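**Student:** quick one: sequence plus predicted model below, questions after.
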Amino acid sequence: MAERSISIRVPGTSANCGPGFDTLGLACTLYNDLTLELTHEPQLEIVVHGAGAGTIPTDARNIVWRSIQYLLQQAGAEREYRGAKIEMENRVPISRGLGSSATAIVAGLKAANVLIGNRYSRRELLQFAAAIEGHPDNVAPAIFGGFTISTTMRSGVECFSFIPKFHLTFVVAVPAFTLPTRAARKVLPEDVPMKDAVFNIGRATMLIAALTRGSERFLRASFDDALHQPYRSKLVPGMYDVFRAARRAGAVGTSLSGAGPSLIAYALEHHRCEEAIGEAMKSAFAAHDVHADILTLRLDMRGAHVRKE
């Protein structure tokens, strides 16, 4: 088969959305682009632009290349395609809780799948991505777009993607320090009190109902969490102060974005308070000697897709 290249765009993501630990996620309008050419010769060329340039491995350790290899092995095509030319254009910040690793995994899988003739469905790509990532809450929205609910069953990972009744804006405060997911998971307990589990079940189900039914009243009461944010708050100076500042400025909810350290405020688009929320979050972080950049994003509804061939 003749060698050709493909360009893929993958949205950044925010996982958990407050109470939906390891199950809820959303895709946002912040994108990483990947151009891939599979080669028959065992050569590997990786170029990284933007976020992570100079720190992301450009050898066989690269997560994009490892994801490509995973799919080729599943397809039995690893002997036909032994190398690749990879160019990454990254806008999603690294280790900030916005799904940078998920975008890389999904981009590699999606691009390789297209180049071998789209042998796998999006659901099958989800199985591969979750196996590589270890959990589905970031890779699912990166693949499907929108809000996603993911769970692991005996048959594999299942995902439901939906678009809420609200037009939401996400105001994201991105601190000037990193927080690797592994470190953020180390502070979590293996067991939690029954009352905390019940608390989160109630909030998570209320959140889904509020988003799908369009209830602002219940939306405002649905983003609180007892399973992971209280433990991770010590890793993000001023987290709850930033939450309070965002709500005072008009946000309908706030949460830690993924494992952090980025914090996300949810605003109803028609309230037009994004700028005030961003300024409030930035100031609250500054009171704790933390500089934060502010991103104003919306919901991506496409998920990973081909840009050009």
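**Tutor:** Looks like it arrived, so ask away. Numbering: from 1, shown residues only.

**Student:** after the longest strand along the chain, next one along is what?
**Tutor:** Counting by DSSP state E, the longest strand found in the chain is strand 24-39. Next helix or strand after strand 24-39 toward the C-terminus (DSSP states H and E): strand 44-50.

**Student:** you'd agree residue 91 is up against residue 52?
**Tutor:** No - applying Cβ atoms under 8 Å as the test, residue 91 and residue 52 come out as separate, 10.3 Å apart. From N, CA and C alone the C-beta is placed, and that goes for glycine too.

**Student:** okay, strands next: where are they in the stretch 51-200 of the chain?
**Tutor:** Ranges of strands in the stretch 51-200 of the chain, per DSSP state E, counting those that start in this stretch, are 83-90, 147-153, 156-162, 168-175.

**Student:** run the angle between the second one and strand 24-39 for me.
**Tutor:** Relative orientation of strand 147-153 versus strand 24-39 (axes from the mean of the first three to the mean of the last three Cα atoms, to 10 degrees): 80 degrees.

**Student:** which strands and helices sit next to strand 147-153?
**Tutor:** Here strand 147-153 touches strand 24-39, helix 139-144, strand 156-162, going by 3 or more Cβ pairs under 8 Å, 6 or more residues apart in numbering; DSSP states H and E.

**Student:** so what strands line up beside it?
**Tutor:** If you go by DSSP bridges, strand 147-153 pairs up with strand 24-39 (antiparallel), strand 156-162 (antiparallel).

**Student:** quick one: which of those is nearest residue 190?
**Tutor:** The minimum distance between residue 190 and the strands paired with strand 147-153 falls on strand 24-39, with 21.2 Å, by Cβ to Cβ.

**Student:** chain center to that closest one, what's the gap?
**Tutor:** 10 Å (Cα atoms, centre = their mean, to the nearest Å).

**Student:** rewinding a little: tell me which of the strands paired with strand 147-153 is the most buried.
**Tutor:** Comparing those by mean neighbour count (mean count of other Cβ atoms under 10 Å), strand 24-39 ranks first with a mean of 23.

**Student:** mean confidence score for it?
**Tutor:** When pLDDT is averaged along strand 24-39, the result is 97.

**Student:** TSV please, covering the strands of the stretch 51-200 of the chain and showing distance to residue 119 and mean pLDDT.
**Tutor:** Formatted as TSV, the strands of the stretch 51-200 of the chain follow (distance: least, Cβ to Cβ, whole Å; pLDDT from 0 to 100):
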stretch	distance to residue 119	mean pLDDT
strand 83-90	17	97
strand 147-153	23	94
strand 156-162	17	94
strand 168-175	34	98
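
**Student:** among those strands, which is the most enclosed?
**Tutor:** strand 168-175 (a mean of 24).

**Student:** what segments of the stretch 201-309 of the chain are helices?
**Tutor:** Using DSSP state H, counting those that start in this stretch, the helices of the stretch 201-309 of the chain run over residues 216-219, 229-232, 239-248, 274-286.

**Student:** can you lay out the ones you listed as JSON lines showing mean neighbour count and distance to residue 109?
**Tutor:** As requested, the helices of the stretch 201-309 of the chain are exported to JSON lines (neighbours: other Cβ atoms under 10 Å; distance: least, Cβ to Cβ, whole Å):
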{"stretch": "helix 216-219", "mean neighbour count": "14", "distance to residue 109": "33"}
{"stretch": "helix 229-232", "mean neighbour count": "18", "distance to residue 109": "29"}
{"stretch": "helix 239-248", "mean neighbour count": "20", "distance to residue 109": "33"}
{"stretch": "helix 274-286", "mean neighbour count": "20", "distance to residue 109": "33"}
